[in-house]
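Chemist: sequence isn't available, so here's the structure alone:
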């Protein structure tokens, strides 16, 4: 079975370097998500991709998340939401970023090529 995830910053970084931050939160969310992936997906029986858009506040909390693109399979969508929810709060935003929040998009791929 192939499981993958990708993250995309949807906010202007305003000169701040978000690469280390995004790498760090990708690792945190992945670790939590891998723990809740359904057995059927691990065995290769379920396939799909769930895309979630969410906001991260300055303190790292996730006040809101929405499924932007459902996999069409409840167990896969539920695992993606759980992986993010279990990661809340994330680390605080980089100090050099002056905004109050960022918008991120996270794609969770189950047995399909990663984006």
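Modeler: That came through fine. A quick note: this is a predicted structure, and the numbers were derived from the prediction, not measured.
Chemist: mind checking the SS state of residue 55?
Modeler: The three-state assignment at residue 55 reads strand, by DSSP: H, G, I helix; E, B strand; the rest coil.
Chemist: which residues touch it?
Modeler: Going by C-beta atoms under 8 Å, 6 or more residues apart in numbering, residue 55 touches 62, 63, 64, 65, 101, 102, 103, 104. C-beta here means a position set from N, CA and C on the backbone, and glycine is covered the same way.
Chemist: who does it bridge with?
Modeler: With DSSP bridges as the criterion, residue 55 is bridged to residue 64, residue 103.
Chemist: secondary structure element for residue 79?
Modeler: If you go by DSSP states H and E, residue 79 is part of helix 74-85.
Chemist: where does the chain have low pLDDT?
Modeler: 1, 114-115 (pLDDT under 70).
Chemist: and the strands in it?
Modeler: 3-9, 48-57, 64-69, 101-110 (DSSP state E).
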